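In: Fold the following for me, if possible:
(2 chains)
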Amino acid sequence: MRILQLHCDYVEYTPVKKEIKSAEDLDPQSKRFEEIVVAFVAVEESDNVDVAKRAITEISESMKKIGCSKLLLYPYAHLSSKLASPTTALLLLQDMEKNAQGLEVHRAPFGWTKSYKLQVKGHPLAENSKSITAGDEKEKDSSSNALKAESKIKSYWHILTPDGKLHEIDKFNFTKHQNLEVLAKYEAAKKRAVDEPPPHVKLMKKLAIADYEPASDAGNMRFYPNGRLMKSLIERYVTDKVMEYGGFEVETPIMYDSHHPSMESYFHRFPARQYSIDSEGKHLFLRFAACFGQFLMAKDFQLSYKNMPLRLYELTRYSFRREQSGELVGLRRLRAFTMPDCHAMCVDMDQAKEEFRKRFELSRDVIKGLGIESEDYEMAIRFTEEFYNENKSLIEEMVAKLGKPVLVEMWKERFFYFVLKWEFNYVDNLGKASALSTDQIDVENGKRYNIDFMDDTNKPLNPIILHNSPSGAIERVIYTLLEKAAKDQREGRKPMFPLWLAPTQVRLIPVKPEFLDYCEKLADKLTENDIRVDVDDRNESVGKSIRDAETEWIRYIIVIGEKEVNSTTLSIRDRKSKDPHNLSVEDFITSIREETKGKPFMRINMGRSVAKRPQIMV
RNA sequence: GCCUCGAUAGCUCAGCCUGGUAGAGCGAACGCCUCGUAAGCGUUAGGCCACGGGAUCGAAUCCCGUUCGAGGCUCCA
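Out: Take a look at the predicted model:
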């Protein structure tokens, strides 16, 4: 706890507006006190009731020395960078107020922005600062309920290896698992050591994929034609995969009434910050996930155990979370993002577990199809101790399938709505981890949302609900691909996208304008075969055209001149191999179709003519 | 919210410390070149130096304030 104590001639303050949800309710009245000691107090994360008691004792002792018995406790966050949660802080402040014996104590409201004015006396003891921390002595039994609630969600971290053994993080040998170590430190210690923008930010601009939009809010990006194309393809791919698995695609509203009873209770269980909109007396908020839209829909379905598992799927464009401005970097974390969200309502835990396995496979398959290999991500599994003890085999089976150690977070008691959750985390070039695919077993919301189905004895039951995003946010997939490419680049490999996602797959470069006709015909033929091709019809030198194509990461570059026009083979410059090689048009088409098999196709999104494109980024 | 950095041509940036007519590269327009696997050549246009104030004979440059942006910290009293 940090305290700045000032002996004042007078102090006055006015509460201006509430800063946090849990702010105290009160009349925002101005107050003025004279001949008073003002104690600015910051409660820190390790503080407890004992610290509060010692603090108030120390304050009153020093007040005796200066002969003042009037005290104003003034909550003041800015004294520390390791603050306690607001709940705890308020509690301890109230404690201090109560335990101040022989003093006239006032307390400025907690959770409000306040304007204030004070005049500090000129004597040597008028200014004084203290720092009080929890000593070696054990926390006493008198800890408050809020503190107990906090310790309830204390996490126990481990590493689980494919042989089913749990290891202490400190004792685990991370030599062969450096990214897992980064993830473990990142999660368990919440430690980060980054002070530069991640490399994908430059790439997303240079490749004309996405950019910041200053006229919007932070974290709301603009996507240029290349970026929009990539997003469309990924969205189509993920949606196809989920439907193949059995998902029913639906669409639900992006804004909800925060005073609707189903919403109010959910709010407390999902503490993301929202965007809100006031309209015609209603307080609306923008959805931060597709959960409630689908739950409200499922509630109105007439369901029997025969319909289960019921898999509802929505690709939310967008979900909104008002993340803190400092967290928003490039495409890693956004305030508006596209999230594939698939819920499965299951009759019981057995069916939920079976479904859970299927979705684990689905997610692995989807991620792989997106060009993210298993060495690119690290898995984390989180569960309650009880669930682990009853379902060891399920958890061990998943780790065995992944074939490498995973990070484990275990809770003694269930605090969140799920009993089991896993996610794949990509660890980027700066050592930041972000979640891609994820799935959860939710044992709470079936009841909360009054979703019920009839079992085989015609008795209504609430389903267990799985929450899965097989790929994670679409924007984050692009971020991952760009960060991977940046790593390739740094390590001397040529960066590129998976062929099916490349904005341009093939570029034709005529040696002279007279070969343009031939290029057009060839481009027609490739387009007919679902290949994204464009033609560099600018009047530039061949060298310049090739250079530009290379900087756009175009996989196949084909120069068209006399030789090609008069033969059936093409000289193909393949970004993957060093030397140009010759192939017939047919074979070339076959090779591309082979590599992009099973993936969606869209035509080029900036027109075939390179000359007619606007210059988006240099 | 706090801290740090930034705002100069369409883009990326130099100039600022030490005040004295606004610079480069890329891009664009126009022209020449008609080219075989990573930048051919020339000419031209483009700027209220974010906004407001101050000191100065004189400010992109120094001082104060504002706005906007990026990054970091803090789920923030």
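In: how about the helices in the stretch 101-250 of chain A?
Out: For the stretch 101-250 of chain A, the helices defined by DSSP state H, counting those that start in this stretch occupy A:145-152, A:178-188, A:200-206, A:225-245.
In: so which of those comes closest to RNA strand B?
Out: helix A:200-206 (6.0 Å; Cβ to the nearest atom of the strand). To be clear about C-beta, it is placed using only N, CA and C from the backbone, and glycine gets the same treatment.
In: sorry, back to before: reformat the helices of the stretch 101-250 of chain A into JSON lines and put mean pLDDT, distance to RNA strand B and mean neighbour count next to each item.
Out: Formatted as JSON lines, those follow (pLDDT from 0 to 100; distance: least, Cβ to the nearest atom of the strand, whole Å; neighbours: other Cβ atoms under 10 Å):
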{"stretch": "helix A:145-152", "mean pLDDT": "42", "distance to RNA strand B": "12", "mean neighbour count": "13"}
{"stretch": "helix A:178-188", "mean pLDDT": "78", "distance to RNA strand B": "11", "mean neighbour count": "19"}
{"stretch": "helix A:200-206", "mean pLDDT": "87", "distance to RNA strand B": "6", "mean neighbour count": "20"}
{"stretch": "helix A:225-245", "mean pLDDT": "96", "distance to RNA strand B": "16", "mean neighbour count": "20"}
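In: Of those, give the one that comes closest to A:Glu375.
Out: Comparison of these against A:Glu375 by Cβ to Cβ identifies helix A:178-188 as nearest, at 8.3 Å.
In: to the chain's geometric centre, what's the distance from the closest one?
Out: Taking the mean of its C-alpha atoms, helix A:178-188 sits 16 Å from the chain's own mean (Cα atoms, centre = their mean, to the nearest Å).
In: Now render the helices of the stretch 101-250 of chain A as TSV, adding distance to A:Lys512.
Out: Supplementary listing: those in TSV, determined by distance: least, Cβ to Cβ, whole Å:
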stretch	distance to A:Lys512
helix A:145-152	74
helix A:178-188	50
helix A:200-206	30
helix A:225-245	28
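In: With respect to A:Tyr377, which of those lies nearest?
Out: helix A:178-188 (8.0 Å).
In: which residues touch the closest one?
Out: Helix A:178-188 is contacted from outside by A:155, A:157, A:159, A:169, A:174, A:191-192, A:378, A:380, A:404-407, A:409, A:425, A:427, A:431-433, using Cβ atoms under 8 Å, 6 or more residues apart in numbering.
In: For the closest residue to RNA strand B within the stretch 451-600 of chain A, give me its contacts.
Out: Nearest residue of the stretch 451-600 of chain A to RNA strand B: A:Gly561, at 2.1 Å (Cβ to the nearest atom of the strand). Applying Cβ under 8 Å, 6+ apart to A:Gly561 gives the contacts A:510-512, A:515.
In: same deal with A:Tyr313?
Out: Taking Cβ under 8 Å, 6+ apart, one finds A:239, A:242-243, A:247-250, A:340-343 in contact with A:Tyr313.
In: What is the burial count for the closest residue to it other than its chain neighbours?
Out: Spatially, and ignoring its direct neighbours in sequence, A:Tyr313 is nearest to A:Gly247 (3.5 Å; Cβ to Cβ, 6 or more residues apart in numbering). If you count neighbours by other Cβ atoms under 10 Å, A:Gly247 ends up with 22.
In: And A:Val443, by the same measure?
Out: 20.
In: for it, what are its contacts?
Out: A:414, A:417-419, A:464.
In: Also A:Glu397?
Out: Neighbours of A:Glu397 in contact, by Cβ under 8 Å, 6+ apart: A:Arg357.
In: Next up, phi/psi of it, please.
Out: phi -60, psi -40 (degrees, to the nearest 10).
In: if I look at the residue of the stretch 451-600 of chain A closest to RNA strand B, how far off is A:Asp524?
Out: Noted for A:Gly561: a distance of 19 Å to A:Asp524, by Cβ to Cβ, to the nearest Å.
In: Work out the gap between stretch A:35-55 and the centre of the chain.
Out: Distance of stretch A:35-55 from its chain centroid, counting by Cα atoms, centre = their mean, is 35 Å.
In: Check whether that stretch comes near RNA strand B.
Out: Yes - if you take Cβ under 7 Å from any atom of the strand as the test, stretch A:35-55 does meet RNA strand B, through A:41-45.
In: and for stretch A:63-77, what are the contacting residues?
Out: So stretch A:63-77 is in contact with A:4, A:7, A:11, A:13, A:33, A:35-43, A:59-60, A:83, A:89-90, A:93, A:96-97, A:100, A:102-111, A:116, A:123, A:125-126, going by Cβ under 8 Å, 6+ apart.
In: Contacts for stretch A:9-22, please.
Out: Stretch A:9-22 is contacted from outside by A:26, A:28-36, A:38, A:72, A:74, A:86-87, A:90, A:108-109, A:111-121, using Cβ under 8 Å, 6+ apart.
In: What is the distance between stretch A:598-609 and the centre of its chain?
Out: Distance of stretch A:598-609 from its chain centroid, counting by Cα atoms, centre = their mean, is 29 Å.
In: buried stuff in that stretch?
Out: Within stretch A:598-609, the residues that qualify as buried are A:599-600, A:604-606, A:608, counting by 16 or more other Cβ atoms under 10 Å.
In: Can I get these in JSON lines including distance to A:Gly164, pLDDT and secondary structure?
Out: Shown next, in JSON lines, are the buried residues of stretch A:598-609 (distance: Cβ to Cβ, whole Å; pLDDT from 0 to 100; DSSP: H, G, I helix; E, B strand; the rest coil):
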{"residue": "A:Lys599", "distance to A:Gly164": "36", "pLDDT": "97", "secondary structure": "coil"}
{"residue": "A:Pro600", "distance to A:Gly164": "39", "pLDDT": "97", "secondary structure": "coil"}
{"residue": "A:Ile604", "distance to A:Gly164": "50", "pLDDT": "94", "secondary structure": "coil"}
{"residue": "A:Asn605", "distance to A:Gly164": "48", "pLDDT": "93", "secondary structure": "coil"}
{"residue": "A:Met606", "distance to A:Gly164": "52", "pLDDT": "90", "secondary structure": "coil"}
{"residue": "A:Arg608", "distance to A:Gly164": "56", "pLDDT": "94", "secondary structure": "coil"}
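In: ok, and the most crowded of the residues of stretch A:35-55 next to RNA strand B?
Out: In terms of neighbours by other Cβ under 10 Å, the residues of stretch A:35-55 next to RNA strand B top out with A:Val43 at 30 neighbours.
In: Return the distance of it relative to A:Thr14.
Out: From A:Val43 to A:Thr14 the distance is 23 Å (Cβ to Cβ).
In: quick one on the thing from earlier: mind checking pLDDT for the residue of the stretch 451-600 of chain A closest to RNA strand B?
Out: As predicted, A:Gly561 sits at a pLDDT of 94.
In: now swap in A:Pro614 and tell me
Out: The model's pLDDT for A:Pro614 equals 87.
In: can you give me the strands for the stretch 501-618 of chain A?
Out: A:506-510, A:533-535, A:556-560, A:569-574, A:581-584 (DSSP state E, counting those that start in this stretch).
In: close to RNA strand B, is the shortest one?
Out: No - judged by Cβ under 7 Å from any atom of the strand, strand A:533-535 makes no contact with RNA strand B; its nearest approach is 14.8 Å.
In: Please give me every residue in contact with A:Arg382.
Out: By Cβ under 8 Å, 6+ apart, the contact list for A:Arg382 reads A:408-411, A:420-422.
In: Sort out which one of these lies nearest A:Gln440 for me.
Out: Closest to A:Gln440, out of all of these and judged by Cβ to Cβ, is A:Lys421, at 4.3 Å.
In: So for the host helix or strand of the closest one, mean pLDDT?
Out: For A:Lys421, the enclosing helix or strand under DSSP states H and E is strand A:418-427. Averaging pLDDT along strand A:418-427 gives 92.
In: For the contacts of A:Gly561, which entry has the maximal number of neighbours?
Out: Within the contacts of A:Gly561, most neighbours by other Cβ under 10 Å means A:Pro510, with 23 neighbours.
In: if I pick that residue, what's in contact with it?
Out: A:516, A:518-519, A:535-537, A:559-561.
In: does it have beta-bridge partners, and which?
Out: A:Ile560 (DSSP bridges).
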